[in-house]
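Q: no sequence on this one, just coordinates:
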């Protein structure tokens, strides 16, 4: 919004971005502030001018005043984080409230293409979105075909089916209940220098193994002489609990998610 306002001030300072008159405007190629060049196809009156954007072919009707100021937008140009294309097929909000599809879509793009966000969450460094998912129209339709999309509190997951996956795409993304999705979070930044699930206990001078279970509650697994022994205890407990949760949710989650959870392995490099 601030960027558009700034550009509009610049336009006003130089009179018009597109200095045209209604008498000779048909066929003219004009510039928009944010969506590239467009061509005037037909002049009906000052409030109904047919235009077409050159890059996407999108046609719309605009006011002559908006054309002069460059205030014409192409919904098929990449306008969200410089990547996402909104289109015209589906609403982005209903009664001033963002749709669930649009909120998921913009948050996904933010995680991948916002430098500010990635500084706060460096685990998303290197993440991308597939070409299909760059389209809100495609993402909207994909969401509404997925198991669990309409369930409250379920999250979009990108790396259960393909461990370590960095690309949000239609073949590997699924919806998971928060209880399962939280099990797969590694919390690398907060656990220190030791293997996952392992902590050094100064009092006992031993390695302590702990596993997060219901609602993040930590369960003590014991003290061990070596870090590897502690990790093995964590690995066994974690994989067992994941299988337990998979069976609890079997009737509700995607079959692919169930299979992935039953075969999930905690790696020493996690």
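A: Looks like it came in fine. This is a predicted model, so every value here is computed, not measured. Numbers count the residues shown, from 1 in each chain.

Q: At which residues are the strands of this protein located?
A: Across the chain, reading from the start of the chain, the strands by DSSP state E fall at 29-31, 37-45, 48-53, 59-62, 93-94, 97-98, 128-129, 154-157, 167-168, 174-177, 198-201, 206-212, 218-224.

Q: what sits against the residue nearest to residue 254 when sequence neighbours are not counted?
A: By the measure of Cβ to Cβ, 6 or more residues apart in numbering, the closest residue to residue 254 outside its immediate chain neighbours is residue 147, 4.6 Å from it. Placement of C-beta: from N, CA and C, glycine included. With contacts defined as Cβ atoms under 8 Å, 6 or more residues apart in numbering, the neighbours of residue 147 are 174, 175, 252, 253, 254.

Q: By neighbours, which of these wins?
A: The most crowded member of those, judged by other Cβ atoms under 10 Å, is residue 253 (24 neighbours).

Q: residues near the residue lying closest to residue 235 once chain neighbours are set aside, how many?
A: For residue 235, the nearest residue in space outside its immediate sequence neighbours is residue 266; the separation is 4.4 Å by Cβ to Cβ, 6+ apart. In terms of burial, residue 266 registers 20 neighbours under the definition other Cβ under 10 Å.

Q: what are the phi and psi values for residue 266?
A: Main-chain dihedrals, residue 266, degrees, to the nearest 10: phi -80, psi 120.

Q: Okay, now the unreliable bits of the stretch 51-200 of the chain?
A: Judged against pLDDT under 70, the low-scoring parts of the stretch 51-200 of the chain cover residues 187-192.

Q: On the pLDDT front, check the closest residue in space to residue 44 that isn't next to it in sequence for me.
A: Excluding its sequence neighbours, the residue lying closest to residue 44 (Cβ to Cβ, 6+ apart) is residue 50, at 7.1 Å. Note on residue 50: pLDDT of 98.

Q: Residue 167 and residue 131 touch, don't they?
A: No: the pair formed by residue 167 and residue 131 falls short of the contact definition of Cβ atoms under 8 Å, at 10.3 Å.

Q: Look at those two and report which has more neighbours.
A: residue 167 (17 against 9).

Q: Can you name the residues bridging to that one?
A: Here residue 167 sits in beta bridges with residue 128, going by DSSP bridges.
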